[in-house]
Structures are given as structure tokens and as C-alpha cells.
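Undergrad: Pasting the sequence and the predicted coordinates here, then a few questions.
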Amino acid sequence: MLTLAWRNVWRNRRRSLITIASLAFGLSAIMFGQSLLKTLQSQLIEKSTGTITGHLQIQHRNIKDYKFPERYIDDPGPAEAALKAHPRVKSFGKRIHVTGLVSSPVTSSGVLIAGVEPSRESRVTSLSSYLTQGAYLKDGAHGVVMGEKLAQKLDLRLGEKAVVMAQAVDGSMGAEAVRLVGLYRTGSTIFDTQIIYVPLATLQEVLGVGGKVNHIVVRIDDIMETDAARRELAETLGNQPVQVLSWKNVDREILGIQRFQNGLLKVVLVVVFLIVALGILNTLLMSLFERVREFGVLMAMGARPSWVMRLVLFEAASLGLVGAVLGLVLGAAIIAHYGRCGLHLPLGEAVSYFLPFPSTLYLRPAWASHAGAALCVMATSFLAALPPALRAGGLKPAEALRHV
Amino acid sequence: MSEAPLIETRGVTKVYDHGPGAAAVEDFSIEFHAGDFAAIAGPSGSGKSTLLNIIGTLDKPTAGEVLYEGGGVSGLAVEELSDFRLRSLGFVFQAYNLIPVLTAVENAEYPLVLQGAARAERRRRALEVLGWVGIEDLAHRRPDRLSGGQQQRVAVARAIVHGPKVVLADEPTANLDSKTAASLLDLMESLNRERGVTFIFSSHDPAVLGRARRVVQIRDGRLAGDSSK
Ligand SMILES: Nc1ncnc2c1ncn2[C@@H]1O[C@H](COP(=O)(O)OP(=O)(O)OP(=O)(O)O)[C@@H](O)[C@H]1O
Ligand SMILES: [Mg+2]
């Protein structure tokens, strides 16, 4: 029967090739979408965790808005000790984020002031890699690093002085003069115009908070271990007035975006499969109609109706298999091409408003999803073959033989 | 009493659902015996195909029954009928008998494929039977590269390859010129005489009917004569 099914597939070469091509193109398009999405999402996570949120954060226990921790960890010592001792932790740095003002002699601008530990921060986030002029912050100096655009707006040049101002914890206005030591350009509007970096000690002086910080940002060896590391640290620090958060808690939007994208892909997937299914259904119905008499001959010879049904299903399965294999090859080739040459995407520019984000993506395969899609293609062709198969099996031999 | 006939129809009547209203076959009772070389004769529309389809269990009679060696087939389920045909019957139709994507020998061996015979055994048997019908040299050609007469010979080979009780042939020569038709009948006759294959075939061609040892006449669906040489 397999021989017969296989030869039947090739008796109308053009029609079968069109069907197989539509299967293959459908599958490779889906694979492209899956790979694009995976690459996009992993870039998003990488950039978000790599430039601002880190993998884990330690914040005061009673904080609700994780993005803007308004309460301070009074004694970061125990948390630091726990982080130093934890095997999965790669690096960490204490931080204070507050909203404030940066002023030049010309004008001033409202910004997020990030107080960071210079030597540690550069091992947690990659902001220092976006520097275009000057140098990154140094421990013990009253420096400031900001985006080129912001500096331009403030009419500040390297080496000139600016004043950072923020409301101290006692309610008074704290201020400190800082020297512009470095400029960066990330491509992200938010980073380039609305965030400035000063040494943690400087900001602590402005705010009058002594050694307190409002969060500690942590990088671990492998992002896949985020949840495990979070659980372990939370246990160690159980008696401290702190909470351990992962990037998923801090950056909820990313999860939302992911969910939205995944949903969108599913819709596209269903549409593609519907088209594929209708194509196969059409092919099989046409070939069925042309062969009614032949089915009659087979049934007269003693082929059971269930045998005839299986013949039609085998034909569909052969189409599906060939289509899926070709689709996998084609899809892998497309992904490999864009993995090497990169895909320039205007979408990157939209994202980069919020985050430093590359406008060229290097696609990576998502084999588990691709395999799933290939199985779906085969399952779809099989399911689409059910109605014609049932019809073939339901033929009455005498009537089928009258058909010409 | 003698042994039950190979085939017996008892009062077989067929009224088609969407037909002219009159019965295509009416109250038709007849017996066929092993070794018969019988023709069903009648003009176009007289009910030959309908009768052969009912005898061949391809269609069900509206009334009456068909018995094989004394056993009725009306009680058999669809799959049981398939198995019965696979074991006991062989068919030759007027045209387009062969599966176009299979070679002559693959066509000839197909009943054995359906029976689940071993590959080597069924190939050997199919080639043997193709030898009987004089087609062994063309065994690996597909039907589109065989003449009409050659195709019918392959169809005959396929109809006898599994050693059926009877071969039912509905106008096997209608698409052939008279010379080719005559040589196909020679073949059928020799298979009948030398290898004991039972044939029931239909025709309205006097030249063909003249070759039969027994001619059963059908007119407007009714039995109108039964003569043996
Ligand atoms: N499936 C069917 N539905 C309705 N009427 C049918 C059907 N098959 C045959 N008939 C009618 O039954 C009658 C007998 O037809 P049948 O095909 O058995 O005759 P036949 O002797 O084989 O004729 P021919 O020599 O043309 O093949 C005809 O009147 C025909 O129109
Ligand atoms: Mg007829």
C-alpha cells in the first residue's frame, strides 16, 4: 500500500508539488516567525537585564513599586555577605535610584539619578560599554556620566561642572556639584536623555542617607537559573527586612510583551495551518474525484473500505512528511542566513525608545518550537485528509465503477 | 440430490433509487456451475451490468438473494463482503481496469498484496499468470504503455492470480476491435478449458456470444432464454 500511496502522490506531479511547496513555505514562514520572536525576546531580556534591572534585585521588604523603590535598606551588610557567599552570583552592586534634577549654568532637566558603585556596577550592567567620550565613574570622585543628548541640552562639555539635586530624606533639598567625566550614546531616548549616573557615595551625601541604599542589583552566571537563585537567596535572607526579586518582577512589561507576541504568533500559526489544511483538502478531493473508478476497481478486487481510507491517509501523510522536511530545511536555511547576515528591523527602533536595543538582529533557531510546528504541519495534513478519506471509504463499489 | 450450484440467484430484483422506476433486473433466478463458460446476453440497458454487479456482491438486490455454494451472501457485512470477493471472485471490466501508477506485474499481483502474501511468492505467481496470458515480456510496463488488448490480458491475469471460484467479466471485449476481442476470448476459453477457470461474461456482440458454451438471455431485466451447446 505504501508503494501505491507514494506513486499516487506523484501521478499529478504539478499539483502535489504545489501542495508540498505550500506546506514547506508555510512551515518555513512559521519557523522564521518563531525564530524572530525568540531572538527578539531574548534580546529584550538581555538588554533589559543587562542595562538596568539585572537578573535579581534585593529591595526593602515593604516596597510595592519595584521599579521605583521608595524605601531604603538600612543595613545592606547581611545581603552583601549573602551575595558574596552564593555560588551562582557573578557580580552585584548597591544602588540608589531617585528622581531629581541636573542643572548646568544654562538650564536644568528632570532625571532619574542612579547612584552606583562604579567598579562593581560595570560588572553588573553594560552601560559603560556605550561610552563615547571620557571615562566611566571612579570610586571616590564626584563625577557624573550622562547621555550625549542630555549633555547637549544642558550645554555641558566633558570636564565641566553640573549640580545634581534631589530631596533628602529629612525633606530638605540636597545638592552636590559633580564633574562631567563621561558621555554615552545607547540609542535609547530614555537612557540618553533621562538617566544620569553618579557614584553611590555622592548620592548618599545628597540624600543624607548615610550607608543606606534602595536596592542591590545582582547578575548571576546563567539567566536560566534566576528563579532558583532567587529562592535560595530569599531563604538565606529570610530574617532580614528585604525581599529578593527577579527581573520578571521588576520588569513586568517584558513579560506582557512576550505574552502578547506569543499570542500573536499563535494566531498567525492557526491562519497558516488553515491555509495549508485547505490546500491539502483541495488537492485530495480533486485527486479523489479523478480516481473514483479506480477506488471502485480496488474495492471490487476485495480492498476493504478501511483499506481505501488508509490509502488516502497515507497519501496525505506522504505529502505532509515531504512538505515538513522541505519546510524544515528551507526554514533552517533562512534562519541560518539571517543568523549570519543579521536582519535589520525597524521594530528595534521602537523598542529602543525604552531600552538600548540593537536595530540589527541575528536570528537564532528555536528548535523545540520548530519541531512542534513541523509536527503540526504533518498533523494538519493528516486531519485535512480525514474528510476525503471518509468519502473514499464510503464509496459503494457498483456506483464507483460507473463513474468515469 | 446433486451438490449445490456454484452460484445461484433466487428471484433477484433490482430497482434503482434514482432510476426510471421500472426494475433494472426483475425476479431473476438462475444457476451457474463450476467450470461454466457462460455469457449473459442482452441489448444495451437490458440489465446485464446490474445482474453481474449483484452476482459479484458489488451491489445489493432490492429483493431476492444470491447464494454461493448454497450459502447466502446477503447477511455478510461490508468488510466480510470485501474479504469474500478477495478470496473467491475475480473481475474484468470493460475498460480502465488497471491502476495506472502500477506496472503490469504489480497490477496482476495486487489481489495477493491485499491478501498479505509474501513479496517473493506473489511476484513469482503474478509472473507465472502473466505468462499464461502472454504478457510476461511486458511485465514491467505501466498500463499507459500497453495496448487495449494487452491491458485486458493483464486484467484477466489479475482476475485469476489468486485462484478465484469465478471470474465475472462485464463486457470485457466492448472496447476492443474484433480481432483483439477474438484473441481475448481465445485466451479466456483456454484458461477455462485447461486451467478450469469459471467465466461469466456479458456482451451484446453476437460474435462474442457465439464463443460461449452457455448463453443466458436477458431482456428488460427478465430471464429470456438459457441455451447450452
Ligand atoms: N445506478 C443506476 N441508477 C439508476 N438507474 C440505473 C443505474 N444503473 C443502471 N440503471 C438503469 O438500469 C437499467 C439496466 O442497466 P444496466 O447498466 O444493468 O444495463 P446493461 O445491460 O449493462 O446495459 P449496457 O449494455 O448499456 O451496459 C437501465 O435502464 C439503466 O438506465
Ligand atoms: Mg453494462
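TA: Nice, I can see it. Ligands and ions are numbered 1, 2, ... in the order given.

Undergrad: What is the longest helix along chain B packed up against?
TA: In chain B, taking DSSP state H as the definition, the longest helix is helix B:178-195. Using 3 or more Cβ pairs under 8 Å, 6 or more residues apart in numbering or on different chains; DSSP states H and E, the elements in contact with helix B:178-195 are strand B:37-41, helix B:148-160, strand B:199-203, helix B:206-209. For glycine as for every other residue, the C-beta is placed from the backbone atoms N, C-alpha and C.

Undergrad: Tell me if the last one is near ligand 1.
TA: The one in question is helix B:206-209. No: using Cβ under 6 Å from any ligand atom, helix B:206-209 stays clear of ligand 1, with a minimum separation of 12.4 Å.

Undergrad: doesn't A:Ala389 make contact with A:Val312?
TA: Yes: the criterion here is Cβ atoms under 8 Å, and A:Val312 meets it with A:Ala389 at 4.0 Å.

Undergrad: between the two, what contacts are shared?
TA: Counting by Cβ atoms under 8 Å, 6 or more residues apart in numbering or on different chains, the common neighbours of A:Val312 and A:Ala389 are A:Leu284.

Undergrad: any low-confidence regions in chain B?
TA: The model of chain B has pLDDT under 70 over residues B:1-2.

Undergrad: hmm, 50 instead?
TA: B:1 (pLDDT under 50).

Undergrad: Quick one: name the residues of it near ligand 1.
TA: B:16, B:18-20, B:24, B:42, B:44-50, B:204.

Undergrad: so which pair among those is furthest apart in space?
TA: B:His18 and B:His204 (24.2 Å; Cβ to Cβ).

Undergrad: Which single residue of the stretch 251-400 of chain A approaches ligand 1 most closely?
TA: A:Glu399 (6.3 Å; Cβ to the nearest ligand atom).

Undergrad: so what's that residue closest to, chain neighbours aside?
TA: A:Gly296 (7.6 Å; Cβ to Cβ, 6 or more residues apart in numbering or on different chains).

Undergrad: in what helix or strand does that neighbour lie?
TA: helix A:292-301 (DSSP states H and E).

Undergrad: That helix: what's the following helix or strand?
TA: helix A:305-341.

Undergrad: who touches the helix or strand just after that following helix?
TA: Note on helix A:305-341: by DSSP H and E, the next helix or strand toward the C-terminus is strand A:343-344. Residues outside strand A:343-344 that contact it (Cβ under 8 Å, 6+ apart): A:36, A:359-363.

Undergrad: One more: stretch B:108-123?
TA: In contact with stretch B:108-123 (Cβ under 8 Å, 6+ apart) are residues A:1, A:298, A:301-303, A:307, B:86-87, B:90, B:99, B:102, B:105, B:125-126, B:129-130, B:139, B:154, B:157-158, B:161-162.

Undergrad: before we move on, the earlier item: with mean neighbour count as extra columns, can I get the helices and strands packed on helix B:178-195 in TSV?
TA: Output for the helices and strands packed on helix B:178-195, formatted as TSV (neighbours: other Cβ atoms under 10 Å in any protein chain shown):
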stretch	mean neighbour count
strand B:37-41	25
helix B:148-160	25
strand B:199-203	25
helix B:206-209	15
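
Undergrad: To chain A, which of those lies closest?
TA: With respect to chain A, and counting by Cβ to the nearest Cβ, the nearest of the helices and strands packed on helix B:178-195 is helix B:148-160 at 7.5 Å.

Undergrad: name the helices or strands packed onto that closest one?
TA: So helix B:148-160, by 3+ Cβ pairs under 8 Å, 6+ apart, packs with strand B:89-92, helix B:104-108, helix B:119-132, strand B:166-170, helix B:178-195.

Undergrad: before we move on, the earlier item: and B:His18 and B:His204? Which one has more around it.
TA: B:His204 (17 against 5; other Cβ atoms under 10 Å in any protein chain shown).

Undergrad: Can you tell me the closest non-neighbouring residue to the more buried one?
TA: Per Cβ to Cβ, 6+ apart, closest to B:His204 is B:Pro43, 5.6 Å.

Undergrad: Tell me how many other residues surround the one you found.
TA: Neighbours around B:Pro43, by other Cβ under 10 Å: 11.

Undergrad: Chain B against chain A: which residues are in contact?
TA: B:53, B:56, B:58-59, B:78-79, B:82-87, B:89, B:91, B:93, B:96-102, B:106, B:110-111, B:113-115, B:158 (Cβ under 8 Å from any Cβ of the partner chain).
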